[in-house]
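Novice: My questions are about this predicted structure, shown below with the sequence.
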Amino acid sequence: MENGTIYLVGAGPGDPDLLTLRAARLIERASIIVHDGLVSADILALASPSARLISVAKKRSHHTLPQDEINRLLIREAKAGRDVVRLKGGDPLIFGRGGEEAELARACGVEVEIVPGISAANAAAAAAQIALTHRDAASIVSFVAGQCKGLSDQNWTGLAGKGRTLVIYMGVKTAPQIAEKLMADGLSPDMPLAIVENASRPEMRMIRGLLAELPDLVAAHRIGSPALIVIGEVTARSDAELAAQAAEAAA
């Protein structure tokens, strides 16, 4: 029996209009979709009524299926001759473990195709109208995971500060440790930031503040997942600054 193909598909931030055409077509024709918890109901609604939808939602301290079992599920279905759409929030290769799943598929002799999606960072920046890079504020942008093993031992020195933008994925639960870590590395407590929750979705919220306020902002506004923390001067371009630029351009 010929093996099926595993399609690692980026579902983007949740708005179906932000899917790539390739992603939408694969979802619509799929017979099996193995999806993460952050994939929106609106996107899953694009699937055929006859499709088998398998949720492998991960939550803090609880996995519906451990990663090893997800891997075995994908390989088992493909080895049985079935094509599998592995649907991931954002982009499969940015904190999505798409690289691990692709490596395993190749090692098992299963064909794999990776379909990129709009990452959470790009979606949050666009929806909140924050330029991650800007000639007047930042020429470097870095992505880090705020929820991972050994967070306190990671070296983030130089990732945030003047002329730099730092985007933190999965940082809501570890906001106190993140703020403490960055300030201990020398970042000013007054560094501006924005928290973008549910980017691109109808319930999206954006909260602005300062680095020292990060834990209190998360608690006071009851920020939940999915949310990104964007740290840098790009988040604090005031209306007065923009008005002055507009006046200069019109002169």
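Specialist: On my side now, so go ahead.

Novice: and Ile229, that's in a strand?
Specialist: Yes - residue state for Ile229 (DSSP: H, G, I helix; E, B strand; the rest coil) corresponds to a strand.

Novice: got a list of what it touches?
Specialist: 146, 167-168, 171-172, 175, 178, 193-195, 214 (CB atoms under 8 Å, 6 or more residues apart in numbering). Glycine gets a C-beta too; all of them are placed from N, C-alpha and C.

Novice: Need the residues you listed in a markdown table (columns: neighbour count and distance to Ile33).
Specialist: Shown next, in a markdown table, are the contacts of Ile229 (neighbours: other CB atoms under 10 Å; distance: CB to CB, whole Å):
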| residue | neighbour count | distance to Ile33 |
| --- | --- | --- |
| Gly146 | 20 | 28 |
| Val167 | 26 | 28 |
| Ile168 | 28 | 29 |
| Gly171 | 25 | 28 |
| Val172 | 23 | 27 |
| Ala175 | 21 | 33 |
| Ile178 | 25 | 33 |
| Leu193 | 24 | 35 |
| Ala194 | 21 | 33 |
| Ile195 | 26 | 30 |
| Leu214 | 27 | 36 |
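
Novice: Among these, which one lies nearest to Leu38?
Specialist: Among the contacts of Ile229, Val172 lies closest to Leu38 (CB to CB), at 13.1 Å.

Novice: picking that back up, with distance to Leu21 and pLDDT added, can I get the contacts of Ile229 in TSV?
Specialist: Compiled in TSV, those are given as follows (distance: CB to CB, whole Å; pLDDT from 0 to 100):
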residue	distance to Leu21	pLDDT
Gly146	32	89
Val167	26	97
Ile168	31	96
Gly171	32	93
Val172	32	93
Ala175	37	95
Ile178	37	94
Leu193	35	96
Ala194	31	96
Ile195	31	96
Leu214	38	97
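
Novice: which of these lies closest to Arg29?
Specialist: Using CB to CB, those come closest to Arg29 at Val167, 33.4 Å.

Novice: Surely that closest one and Phe143 touch.
Specialist: Yes - contact criterion CB atoms under 8 Å: Val167 and Phe143 qualify, at 5.1 Å.
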